[in-house]
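[1] I'd like to go over a predicted model; first the sequence, then the structure.
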Amino acid sequence: MKKFEYSAPTLAYQNLSESLGFRLRLANNQEWTLFGTEEVNPWLQKLASLLQLKTCKLNGSPLIICKRKSSDDLVEGIDFTIVPTDQWKETDFRVGKIWTHAQSPHVIFELNDDEGLETDIIRIWHLLSLIYQKVQASGGMPFHAGLVQKNGKGYLLAAPGNTGKSTCCSRIVPPWQAISDDEVVIVKGDAGKYLVHPVTTWSNYLWKNGKEQPQEIEKFWPLHGIFFLEQSETDEVVEIGKGTAALSAYESASQVGRRNRGLLNLEQERKTKHKVFDNAIEMMKKIPAYKLKVNLTGKFWEKMDEVVI
């Protein structure tokens, strides 16, 4: 039986070259292949469905290898039993474990035997946190916001939960188009340009009878503005300063990051907060930001038109 050498700094997987995984590629050319053993494939396929991931052959991009804890997972005669060493870091997140190596781009994502809809989504959140950490390291961040587009340009409607984001996205009219209403991931591309990818609405899946709202996460739009929502009796748009915008952007990014804070120790959490804040400052130097006062029966998009033109 062939051993899959987890003890090596780089994981050689030429024996899996004909196997299929799911590709997750972002606009800044960061790319991962999600690959699972047979026992976890139903969960991995659910993740792929929610994010509309395409199948691909293993092509040398970093692997996120998903496996089950309770049994000897075998794929094409290769043993996926973890060989812990001092070089491998184990992170326990209650419904599974993450194994990382300081000198390897690959990750082992281990699921325990718990089952259930909420458990499935928690695991997806933690897997995405691995992606978000890499995005943050390269100048981007996840963001708690709806994504709308006009003439091929992306704009964010940002606000805490239950303050009108989804309602605004559902009410906006052509030529505006709502893409997603809850979460996005922003990446920093060539020449310092920012691009935004949609992420599915988790609350629909968790609390609305398991109703899926898939989003093709690989799609992206150039980011041209962020509107921070505030409920009001009248519709109004006001440009805000770079400092205020950076603080608001940091808070919107932190709203996504909080659900995965248990994966970090205190020092890692401190460094992450500093990095996200630095990224927010840099991003808001280039992206226009506004306070959008919204009457939930008004035509707030007409106020948006005044500034995006």
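    Great, that's in hand. Being a predicted model, the structure only gives us computed values, none of them experimental.
[2] host element of residue 293?
    Here residue 293, judged by DSSP states H and E, is contained in strand 289-294.
[3] actually residue 99, not the one I typed
    strand 96-101.
[4] following that strand, which helix or strand shows up next?
    The helix or strand immediately downstream of strand 96-101 is strand 107-111, counting by DSSP H and E.
[5] helix or strand right after that next one?
    Scanning forward in sequence from strand 107-111 by DSSP H and E, the next helix or strand is helix 117-137.
[6] how about that following helix: buried residues?
    119-124, 126-136 (16 or more other C-beta atoms under 10 Å). The C-beta positions use only the backbone N, C-alpha and C, and glycine is treated the same way.
[7] what do you get for stretch 267-275?
    Neighbour counts over stretch 267-275 (16+ other C-beta under 10 Å) mark 272, 273 as buried.
[8] give me the mean pLDDT for that stretch.
    What stretch 267-275 shows for mean pLDDT is 92.
[9] what does stretch 89-108 give?
    83.
[10] gap between the two ends of it?
    End-to-end distance of stretch 89-108 (C-alpha to C-alpha, to the nearest Å): 10 Å.
[11] buried residues in that stretch?
    91, 93, 95-101, 104, 106-108.
[12] which residues of the chain fall in helices?
    41-51, 117-137, 165-171, 202-207, 242-257, 266-284, 300-308 (DSSP state H).
[13] for the fourth one, name the packing helices and strands.
    For helix 202-207, the contact count by 3 or more C-beta pairs under 8 Å, 6 or more residues apart in numbering; DSSP states H and E identifies helix 117-137 as packing neighbours.
[14] hmm, back to that, got the CA positions of the strand holding residue 99 in CSV?
    The C-alpha coordinates for strand 96-101 follow below in CSV (Å, rounded to 0.1, in the frame of the first residue of the first chain):
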residue,chain,number,x,y,z
GLY,A,96,-13.0,18.5,12.7
LYS,A,97,-9.3,19.3,12.6
ILE,A,98,-7.0,21.3,10.3
TRP,A,99,-3.5,20.2,9.7
THR,A,100,-1.0,22.7,8.2
HIS,A,101,2.8,22.7,7.6
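[15] neighbouring strands for it, and are they parallel or not?
    Strand 96-101 has these partner strands in its sheet, going by DSSP bridges: strand 88-92 (antiparallel), strand 107-111 (antiparallel).
[16] turn those strands into TSV, columns for distance to residue 154.
    Formatted as TSV, the strands paired with strand 96-101 follow (distance: least, C-beta to C-beta, whole Å):
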stretch	distance to residue 154
strand 88-92	33
strand 107-111	29
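[17] nearest to residue 275, out of those?
    The closest of the strands paired with strand 96-101 to residue 275 is strand 88-92. By C-beta to C-beta, the value is 18.2 Å.
[18] spatially nearest residue to residue 232 (excluding sequence neighbours)?
    residue 293 (3.6 Å; C-beta to C-beta, 6 or more residues apart in numbering).
[19] what about that neighbour, distance to residue 40?
    Distance of residue 293 to residue 40, computed by C-beta to C-beta, to the nearest Å: 47 Å.
[20] between those two, who's got more neighbours?
    residue 40 (22 against 19; other C-beta atoms under 10 Å).
[21] contacting residues around the spatially closest residue to that one that is not a sequence neighbour?
    Closest residue to residue 40 apart from its sequence neighbours, by C-beta to C-beta, 6+ apart: residue 66 at 4.7 Å. By C-beta atoms under 8 Å, 6 or more residues apart in numbering, the contact set of residue 66 is 34, 35, 36, 37, 40, 43, 44, 109, 110, 111, 127.
[22] neighbours around the closest residue to the first one other than its chain neighbours, how many?
    So the one you mean is residue 34. Spatial nearest neighbour of residue 34, chain neighbours left out: residue 22 (4.5 Å); criterion: C-beta to C-beta, 6+ apart. Residue 22 has 22 neighbours, counted by other C-beta under 10 Å.
[23] got the contact list for residue 22?
    Counting by C-beta under 8 Å, 6+ apart, residue 22 touches 33, 34, 35, 44, 47, 48, 53, 54, 55, 56.
[24] closest one of those to residue 160?
    residue 47 (26.1 Å).
[25] tell me the pLDDT at that closest one?
    On the pLDDT scale, residue 47 is placed at 93.
[26] again, but for residue 208
    Value for residue 208, per-residue pLDDT: 60.
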